[in-house]
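Asker: Could you work out the structure for the sequence below:
(one chain, ligands or ions: 1)
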Amino acid sequence: MRRLLMSAAMLGVLLAAGGGCAPPSGPKEIRVTANEKGFEPATLTVEKGRPAILIITRTSDATCATEAIFTETGRRYELPLNEEVRIDVPTDAATTLHYACGMNMYKGEIVVK
Ligand SMILES: [Cu+2]
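Answerer: As a prediction, this is how the structure comes out:
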């Protein structure tokens, strides 16, 4: 019974989160698709000081963009096919963050300003 109640509560949270009206103070979500042309859109802009999450979804097996490596942080993220990969974007300083596939062939950038 307790487990059932927990599940109901969690479902409520999920439904509330899926309402599409995140509070203005919440992190800004920006989305990139890794498709047959590479990372699209290749350039995104976020507001300095507002937490941002980059969500990359790889939708194609036709390229080598199966991972994203961030130049500035050195962090590497696997991009499983058709799975959303959520990446915290540091927005404390005005800068441009770059990422690319493992061969530095397909590239994307996030402008913080
Ligand atoms: Cu590559």
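Asker: Per-residue confidence, the nearest residue to residue 51 once chain neighbours are set aside, what does it come out as?
Answerer: Nearest non-adjacent residue to residue 51, counting by Cβ to Cβ, 6 or more residues apart in numbering: residue 27, 3.9 Å away. In this view, the C-beta of every residue, glycine as well, is placed from N, C-alpha and C. Note for residue 27: predicted pLDDT of 95.
Asker: Likewise for residue 46?
Answerer: If you check residue 46, the pLDDT there is 98.
Asker: Number the residues from 455 up from this point.
Answerer: Sure, I'll start counting at 455 from here, so that last one is residue 500.
Asker: list the contacts for it?
Answerer: Residue 500 makes contact with 482, 484, 506, 543, 545, 564-566 under the criterion Cβ atoms under 8 Å, 6 or more residues apart in numbering.
Asker: can you tell me which of those residues are in strands?
Answerer: 482, 484, 506, 543, 564-566 (DSSP state E).
Asker: got a list of what residue 559 touches?
Answerer: With Cβ under 8 Å, 6+ apart, residue 559 has these contacts: 518-519.
Asker: Confirm it sits in a helix?
Answerer: No. Counting by DSSP: H, G, I helix; E, B strand; the rest coil, residue 559 is not found in a helix; it is coil.
Asker: Residue 515 versus the residue nearest to residue 505, what's the distance?
Answerer: 30 Å (Cβ to Cβ, to the nearest Å).
Asker: Those residues of the chain touching the ion, which are they?
Answerer: 518, 555, 557, 559 (Cβ under 5 Å from the ion).
Asker: any chance of the residues you listed in JSON lines, with distance to residue 526 and pLDDT too?
Answerer: Compiled in JSON lines, the residues of the chain next to the ion are given as follows (distance: Cβ to Cβ, whole Å; pLDDT from 0 to 100):
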{"residue": "518", "distance to residue 526": "21", "pLDDT": "93"}
{"residue": "555", "distance to residue 526": "16", "pLDDT": "97"}
{"residue": "557", "distance to residue 526": "18", "pLDDT": "94"}
{"residue": "559", "distance to residue 526": "19", "pLDDT": "95"}
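Asker: Before I go, just wanted to say thanks for your time.
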